[in-house]
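# A predicted structure for the sequence below; I have some questions about it.
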Protein chains: 2
Amino acid sequence: MSGLGSGFKRLTDVETAINKFLMYVKPVEDIEEVSLKDLAGRVLAEDVVSPIDVPNFNRSAMDGYAVLSSDVVSASMDNPVRLKLVGRSTTSQPFKGELHPGEAVRIDTGAIMPDNADAVVMVEYASESGGYVDIFKNVGKYDNVSLKGEDIKEGEIVAPKGRLITPHDLMALASLNLSKFKVFRKVRIGIAAFGSELVDSDSAPEGKIREVNRVFFSRALEDYPVEIRDYGILEDDVELIRDFLMKSSMENDLTVSFGGTSLGQGDLVRDAVERVGDIIIHGVALQPSKPVLLALVNDKPYIGLPGYPVAVAISTDVFVYPVVKRLAGIHGVYIPRVVRGMLTRRVPSKVGLKHYVRVKIKVRDEIYVEPVYASGAGITSSLSMADGYLVIDEGKEGYEEGEEVDVMLFRRFLEDV
Amino acid sequence: MSGLGSGFKRLTDVETAINKFLMYVKPVEDIEEVSLKDLAGRVLAEDVVSPIDVPNFNRSAMDGYAVLSSDVVSASMDNPVRLKLVGRSTTSQPFKGELHPGEAVRIDTGAIMPDNADAVVMVEYASESGGYVDIFKNVGKYDNVSLKGEDIKEGEIVAPKGRLITPHDLMALASLNLSKFKVFRKVRIGIAAFGSELVDSDSAPEGKIREVNRVFFSRALEDYPVEIRDYGILEDDVELIRDFLMKSSMENDLTVSFGGTSLGQGDLVRDAVERVGDIIIHGVALQPSKPVLLALVNDKPYIGLPGYPVAVAISTDVFVYPVVKRLAGIHGVYIPRVVRGMLTRRVPSKVGLKHYVRVKIKVRDEIYVEPVYASGAGITSSLSMADGYLVIDEGKEGYEEGEEVDVMLFRRFLEDV
């Protein structure tokens, strides 16, 4: 009998649980090709190597006059150098031909440099009249010129395998003249909610509860390259659950369910899994969210989350994201949005359990962190009232009033400022 | 003539520019109704007030036995109290009838409490046999019971007007028996790229440049409730640009363009705007991204961004996000993802300009911040090589090697760890 009130004989600490489980999780290796417009949010399956120099010609970095820098060495405000204007180079109509000593070409930003020209004098240091241009400032070789290959050189790695492509990456990737990029297939996730009390309708009749974890989950995974298949709500029936686990594990890379993982007569998930798979972990030292079940069915990962919405939100953070990251082939370490502030009151915790305390940020003369609720996983309003989590590690006995703590935000906008 | 090398007579500092412009930006007031599944990512147009108590009945918070707490006051491991088992309450089949002294009902987590029962003894502190159950632990009134209204009370504000709904908010909002939620209409943004040198094809012919700012922009705005209408690439023609500005400002809440805002013969945006609208700001003290134009056309905000991809990325952050936030009716202060680390080398900056320096994070024994490039807005690879921006305020003369600085990330995963 556990003193932790969950009925589990032993709770595995969170880090051990996730690390042990991750050893069984193999990245999806299927590769597909997408075009630039579908690349953001996908994970590169190979280094993207530039097949060309970018820019692939010398071009002007400014609006001005293309010159031979040797012509304007002595140019100054008091002693301008007069050059003959022999043409114009725009992005739509480049100047054809080469520049000779004593000549200049009017040039737009981005336009190809005439042959021989090696610098651009900015328009504000020049004055044009009657087929000539007076240059009021000297320029050095390659001043105001974007050189061929200056941005990216042929053969250079522009983005590495395993990168989750951001919109910012598109900027460089667009200039490579590549029409397709190799990415890993999206991670397929099968989800279902277990519970005879659950309904999908807007208004639940008395005694019934509206199922919301599937909607939450689908939206909470939107930042990852996933494809979610919803198998709906299943009655509390071991055969139904077993069939779902078999079907989903064959059709998907990961299966996630909500509900039915705590210990009790009505909780059939463990029984169902034992018939078709191997349980790796059941019961984790995470408060609130102890009854997490990590298993393999058909050699595919299966994560059984508890049914309480608050526990689902927290264990999605703790268990689902790392598993999806691994399956998706994303390299690197996730960096959460963090705010540091001063606790407005003491937050007790139980040593041996990792706690996720819902807190609200209040910005006054300084930043305050206010615990929303000490109470359980059933209090969904603790999420809508909070801005993020204060995570208390297993080894700590809570935090004192006035202590400075880091809060992991789940909102991008703080309202109480 | 400006000493800042941009040709602008005067550059407005970033904060002044954005604050002045925001005074002209009126939030979209149109309201529409969406169901719960479409609510995440939208902005509430009114406080959501609960029409009911949640839960709307007393229910068990544990698997165990519903009892009268007065019956088990003396229960202990050594002296269990024996109660008569009179039924079972599950989520699918609630126990009908009331509990009398000396009686207990087997109850599942989430199931309705029998009338009169005021506490639940957890299954691990009880032992069932022959129609009776021995209770080994006393419980207080309402122990392990979720009381009616415990989560949310009728009349309570569950989420305030102006909130950008996160998946976490759905948890509480789902329990309110509401089928529709009032939200502000999505912000309509019309975009176009200006430049005769631009093409949309995968591989640009020599002298032409692939247009990428529109793809970037569409993806970079995905975290906001927007609807983007793409008006394509426009030739450098003042009439075309003017017509676009008129059309887009009539069809959208905001117009954003890329290119054509710097000073020079080929740059026609200012001329076009002057014919159909009012320029509020032209030229900002932002490096790199000085040639930003903020204007009103048909009383609608228009943001003319420079054409260089790096400048577009940075000025989207600085100017577009705050304007879209205002238009969308989002309350609160945006919190970026930040990492603090030590500069690997000196970063100079010009006083009077706000600098956005692209930096890479390297995690070794400690966290290092490495400037990627000192150079210009044309270097798109500075974005793909970087993890975020080091922002240097106008008043500062750069940072020294070894200084601790905050980096605003544009990636969620750091690769070099």
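Received the coordinates, thanks. Numbering: from 1, shown residues only, chains lettered A, B, ... in the order given.
# residues near A:Lys26, how many?
Neighbours of A:Lys26 under the rule other Cβ atoms under 10 Å in any protein chain shown: 12. In short, each C-beta sits where N, CA and C put it, glycine included.
# contacts only, for it.
By Cβ atoms under 8 Å, 6 or more residues apart in numbering or on different chains, the residues touching A:Lys26 are A:Leu327.
# separation between it and A:Gly277?
Between A:Lys26 and A:Gly277 the computed distance is 16 Å (Cβ to Cβ, to the nearest Å).
# where exactly do the helices run in chain A?
A:14-22, A:167-174, A:213-220, A:238-251, A:269-276, A:309-315, A:321-328, A:381-384 (DSSP state H).
# same list (those) but as CSV, adding mean pLDDT.
Output for the helices of chain A, formatted as CSV (pLDDT from 0 to 100):
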stretch, mean pLDDT
helix A:14-22, 97
helix A:167-174, 94
helix A:213-220, 95
helix A:238-251, 96
helix A:269-276, 91
helix A:309-315, 95
helix A:321-328, 98
helix A:381-384, 92
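# quick one, which of those is packed in tightest?
Counting by mean count of other Cβ atoms under 10 Å in any protein chain shown, helix A:309-315 has the highest mean neighbour count of the helices of chain A, with a mean of 27.
# confirm for me that A:Lys137 is in contact with A:Asp78.
No - counting by Cβ atoms under 8 Å, A:Asp78 is not a contact partner of A:Lys137; they are 11.2 Å apart.
# using JSON lines, lay out the helices of chain A together with distance to chain B.
JSON lines is the format used below for those (distance: least, Cβ to the nearest Cβ, whole Å):
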{"stretch": "helix A:14-22", "distance to chain B": "16"}
{"stretch": "helix A:167-174", "distance to chain B": "4"}
{"stretch": "helix A:213-220", "distance to chain B": "4"}
{"stretch": "helix A:238-251", "distance to chain B": "13"}
{"stretch": "helix A:269-276", "distance to chain B": "13"}
{"stretch": "helix A:309-315", "distance to chain B": "4"}
{"stretch": "helix A:321-328", "distance to chain B": "8"}
{"stretch": "helix A:381-384", "distance to chain B": "4"}
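# can you say which of these is nearest to A:Gly402?
helix A:381-384 (22.5 Å; Cβ to Cβ).
# can you list the helices and strands that that closest one packs against?
helix A:309-315, strand B:157-159, helix B:167-173 (3 or more Cβ pairs under 8 Å, 6 or more residues apart in numbering or on different chains; DSSP states H and E).
# more neighbours, A:Lys137 and A:Asp78?
Between A:Lys137 and A:Asp78, A:Lys137 has the larger neighbour count (other Cβ under 10 Å), namely 16 against 6.
# next one: the more buried one, what pLDDT does it get?
pLDDT recorded at A:Lys137 is 94.
# swap in A:Glu206?
69.
# next one: A:Ala66
96.
# now do the contacts for it.
Contacts of A:Ala66 by Cβ under 8 Å, 6+ apart are A:60, A:89, A:95, A:99, A:104-107, A:113-114, A:117, A:119-120.
# so which residues of the stretch 301-417 of chain A form strands?
A:333-334, A:338-343, A:354-363, A:367-371, A:388-392, A:404-409, A:413-414 (DSSP state E, counting those that start in this stretch).
# hmm, back to that, between the helices of chain A, which one is closest to B:Pro348.
Across the helices of chain A, closest to B:Pro348 is helix A:167-174 (Cβ to Cβ), at 23.6 Å.
# for the closest one, packing partners?
Helix A:167-174 packs on strand A:157-159, helix B:213-220, helix B:309-315, helix B:381-384, going by 3+ Cβ pairs under 8 Å, 6+ apart.
# need the ones you listed in CSV (columns: distance to A:Pro306).
Output for those, formatted as CSV (distance: least, Cβ to Cβ, whole Å):
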stretch, distance to A:Pro306
strand A:157-159, 39
helix B:213-220, 35
helix B:309-315, 41
helix B:381-384, 41
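# so which of these is nearest A:Pro336?
Short answer: helix B:213-220, nearest of these by Cβ to Cβ, at 20.3 Å.
# do any residues in that closest one lie close to chain A?
Yes - using Cβ under 8 Å from any Cβ of the partner chain, helix B:213-220 reaches chain A at B:215-217, B:219-220.
# which residues of the stretch 101-250 of chain A fall in strands?
Under DSSP E, counting those that start in this stretch, the stretch 101-250 of chain A gives strands at A:103-107, A:119-122, A:126-129, A:132-135, A:145-146, A:157-159, A:181-184, A:187-194, A:198-199, A:209-210, A:226-234.
# rank the ones you listed by pLDDT, which is bottom?
strand A:209-210 (a mean of 82).
# helices or strands up against that one?
Strand A:209-210 packs on strand A:198-199, going by 3+ Cβ pairs under 8 Å, 6+ apart.
# returning to that earlier point: dump the helices and strands packed on helix A:381-384 to CSV, plus distance to B:Val54.
Listed next are the helices and strands packed on helix A:381-384 as CSV, based on distance: least, Cβ to Cβ, whole Å:
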stretch, distance to B:Val54
helix A:309-315, 11
strand B:157-159, 9
helix B:167-173, 8
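# and the pLDDT for A:Glu415?
95.
# so how many other residues sit close to it?
19.
# look up the closest residue to it, ignoring the ones flanking it.
Spatial nearest neighbour of A:Glu415, excluding adjacent residues (Cβ to Cβ, 6 or more residues apart in numbering or on different chains): B:Gly332 at 4.1 Å.
# these two touch, right, that neighbour and A:Phe413?
Yes - with contact defined as Cβ under 8 Å, B:Gly332 reaches A:Phe413; the gap is 3.5 Å.
# mutual contacts of those two, please.
B:Leu164.
# for chain B, what are the nearby residues on the stretch 301-417 of chain A?
A:307, A:309-310, A:312-313, A:325, A:330-339, A:363, A:376, A:378-381, A:383-384, A:386, A:409-417.
# how does it look with 7 Å?
Remark: the part of the stretch 301-417 of chain A in contact with chain B comprises A:309, A:313, A:330-335, A:337, A:339, A:376, A:378-381, A:383-384, A:409-415, A:417, using Cβ under 7 Å from any Cβ of the partner chain.
# can you list the domain ranges for chain A.
A:14-29+A:186-328, A:31-54+A:162-184, A:59-146, A:338-409 (automatic domain parsing).
# and of the ones you listed, who's closest to B:Tyr125?
Closest among the domains of chain A, using Cβ to Cβ: domain A:14-29+A:186-328, at 13.0 Å.
# any bit of stretch A:68-80 sitting next to chain B?
No - applying Cβ under 7 Å from any Cβ, one finds stretch A:68-80 out of contact with chain B, separated by at least 9.9 Å.
# and the contacts of that stretch?
With Cβ atoms under 7 Å, 6 or more residues apart in numbering or on different chains as the test, stretch A:68-80 has contacts from A:81, A:83, A:99, A:101-102, A:116-119, A:121, A:134-141.
# please check these and keep the buried ones.
Burial by neighbour count, 16 or more other Cβ atoms under 10 Å in any protein chain shown: within the contacts of stretch A:68-80 this picks out A:81, A:83, A:99, A:117-119, A:121, A:135-139.
# pick the one among those residues closest to chain B.
Nearest to chain B, judged by Cβ to the nearest Cβ, of those is A:Phe136 at 9.7 Å.
# contact partners for the closest one?
A:75-77, A:80, A:125-126.
# for A:Tyr302, see how far away A:Asp271 is.
14 Å.
# list the contacts of stretch A:152-162.
A:43-54, A:165, A:169, A:172-173, A:175-176, A:329-331, B:381, B:384, B:415.
# tally of neighbours for A:Lys84?
There are 11 residues near A:Lys84, going by other Cβ under 10 Å.
# circling back to that earlier point, out of the helices and strands packed on helix A:167-174, which comes closest to A:Thr344?
helix B:213-220 (36.0 Å).
# so what does that closest one touch, helix or strand wise?
helix A:167-174, strand B:187-194, strand B:254-258, helix B:309-315 (3 or more Cβ pairs under 7 Å, 6 or more residues apart in numbering or on different chains; DSSP states H and E).
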